[in-house]
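Undergrad: here is my input; please provide its structure:
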Amino acid sequence: MTEFLRLPATLDARPPWVRDTAAACAAIVLVLAVRTAFGLFTGGGAFPGSWSLFLLANLPTVADLATIAVRRRAPCLALGLATAVVLASSALPISFTGTGVGVLVCAYSVGTMLPRHGVAVSLVAFGLLHALGGVLAADRGGDLSTLLTFLGHDGAAPINLVLASLSAYGLPGLLGLYVQARRRHTADLASRLERADAERERRAWEAVAQERRRIARELHDVAAHHLSAIVVQAGATDRLVERDPASARESLRAIRAQGRETLTSLRGLVGIMRAHGRHETDDPEGLAPQPTVSRLADLIASARQAGTTVEFTVEGEPVPLATVVDLAAYRLVQEALTNARRHAPGAPVTVLLGYSPAELRIMVRNGAGAEPAVLPSAGDGHGLAGMRERVAHAGGSLTAGPTAAGEWRIDARLPLGDSQG
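TA: Here you go, the predicted structure:
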């Protein structure tokens, strides 16, 4: 019993032609069983007539239903065979009513599987052939009343045979075309949904990657600037410990202040990363405003306190800046000062901030270092890449590299078109 209940699920996993063959066999067995049982019942337990006539009368039915087995492997062939079976059965001296189910099923299959033009040609051609065969069979005394596809007409009026044929082939074919269109529409919707899901997933990953890059830039800008200053000051303090203890203590206090500022900045960055909403954070004070150009004076003062000689010049009339431009300008100068301190310690640095109606120009130059680099160069390049990303995000351009005079120059131009107002 359990195996019988699992049979439908087992057939679903089989190829379509296997399921069609199973359906055809099941239909044949069912029809023969019902007709046999009905004959025994009406004969009071004894089968009326001869078994040979019974089998002959059922041949059209068996052949008709057998065409269902090939309806999906060869739809036109199956429809042609079903049509031939119907016409041939009209010449038999005896047959059961109902032959023609194969025509209906195969016409439906043609509608579901062939292109629209092919469906129209096939159905019209086989329908007219069916009607012509019916007219000829009626002229020769064939019995058409038992055939399902002629809708009970005996052939007295040929026009009725034509209309019945077109109905027997056209209605299942139109139903098949509708099913085909629905399947195509459903598949198209599923494809669109799949593409939409893939696009949403891609955008989500892009958003995550962009956020990671932003956090990496912020972390690099904050940590590299402050920690490089601490390293430089620690090196200077080491040289002052014995010959100038008072200056060494002053340098240690500066290192401690720099360390506190580093912790504050990192705490603010971590607070932003942990916040789930705009105002949601465990430490509201940790969400300090992002640095802007207005705080460059403090940044340069901090660099001077760390021992870097900085010349800061502002040209033009300062104007309000868009947030992305404001932050990019500050981080650009911060990274440039950090790189100069790391790779060219002791070299003077020139910072130029130039305002024009169309753009903000930021140029930072430094010469060769008077001392060896205080930090290893392995892994360098992230700072410059972060600069380029920030400037590109703000819609600007950046050039960085050595000059003919032996200096290192960073020159950025940020648009002011949407900044003012």
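Undergrad: which strands and helices lie in contact with the helix ranked longest in the chain?
TA: Across the chain, the longest stretch assigned as helix under DSSP state H is helix 158-240. Helix 158-240 sits against helix 101-113, helix 116-139, helix 245-274, helix 323-343, helix 382-393, with contacts defined as 3 or more Cβ pairs under 8 Å, 6 or more residues apart in numbering; DSSP states H and E. C-beta coordinates here come from the backbone N, C-alpha and C atoms, glycine included.
Undergrad: next structured bit after the longest one?
TA: Beyond helix 245-274 in the direction of the C-terminus, DSSP states H and E gives the next helix or strand as helix 296-305.
Undergrad: tell me what angle that next one forms with helix 158-240.
TA: Counting by axes from the mean of the first three to the mean of the last three Cα atoms, to 10 degrees, helix 296-305 lies at 40 degrees to helix 158-240.
Undergrad: tell me the angle helix 296-305 makes with helix 323-343.
TA: Going by the same axes, to 10 degrees, helix 296-305 makes 10 degrees with helix 323-343.
Undergrad: who does the helix or strand just after helix 296-305 pair up with?
TA: Remark: after helix 296-305, the chain's next helix or strand is strand 310-315, criterion DSSP H and E. Looking at strand 310-315 with DSSP bridges, its partner strands are strand 349-355 (parallel).
Undergrad: once you drop chain neighbours, what's closest to residue 165?
TA: residue 131 (3.8 Å; Cβ to Cβ, 6 or more residues apart in numbering).
Undergrad: next up, the contacts around that neighbour.
TA: 158, 161, 162, 164, 165, 166 (Cβ atoms under 8 Å, 6 or more residues apart in numbering).
Undergrad: low-confidence ranges in the stretch 201-350 of the chain?
TA: Scanning the stretch 201-350 of the chain for pLDDT under 70 picks out 220-226, 228, 232-233, 236, 264-265, 267-289.
Undergrad: quick one on the thing from earlier: turn the contacts of residue 131 into TSV, columns for neighbour count and pLDDT.
TA: Formatted as TSV, those follow (neighbours: other Cβ atoms under 10 Å; pLDDT from 0 to 100):
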residue	neighbour count	pLDDT
158	15	87
161	25	90
162	18	90
164	22	92
165	27	92
166	17	91
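Undergrad: redo those residues as CSV? Include distance to residue 77.
TA: Below are the contacts of residue 131 laid out as CSV (distance: Cβ to Cβ, whole Å):
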residue, distance to residue 77
158, 28
161, 24
162, 24
164, 23
165, 19
166, 21
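Undergrad: ok, those vs residue 82, which is closest?
TA: residue 165 (12.7 Å; Cβ to Cβ).
Undergrad: before we move on, back to that, packed most tightly, which of the helices and strands packed on helix 158-240 would that be?
TA: Comparing those by mean neighbour count (mean count of other Cβ atoms under 10 Å), helix 101-113 ranks first with a mean of 25.
Undergrad: could you check the angle that one makes with helix 116-139?
TA: 160 degrees.
Undergrad: and helix 101-113, what does it pack onto?
TA: Using 3+ Cβ pairs under 8 Å, 6+ apart: helix 101-113 touches helix 51-66, helix 75-89, helix 116-139, helix 158-240.
Undergrad: how about residue 141, secondary structure?
TA: coil (DSSP: H, G, I helix; E, B strand; the rest coil).
Undergrad: what about it, distance to residue 247?
TA: Note on residue 141: its distance to residue 247, by Cβ to Cβ, to the nearest Å, is 130 Å.
Undergrad: now do residue 20
TA: Counting by Cβ to Cβ - residue 20 and residue 247 are separated by 97 Å.
Undergrad: what do you get for residue 99?
TA: For residue 99, the distance to residue 247 - Cβ to Cβ - is 114 Å.
Undergrad: kindly state the domain boundaries assigned to this protein.
TA: 13-199, 292-421 (automatic domain parsing).
Undergrad: what is the distance between the longest one and the centre of its chain?
TA: Taking Cα atoms, centre = their mean, to the nearest Å, the mean C-alpha location of domain 13-199 is offset from the chain mean by 43 Å.
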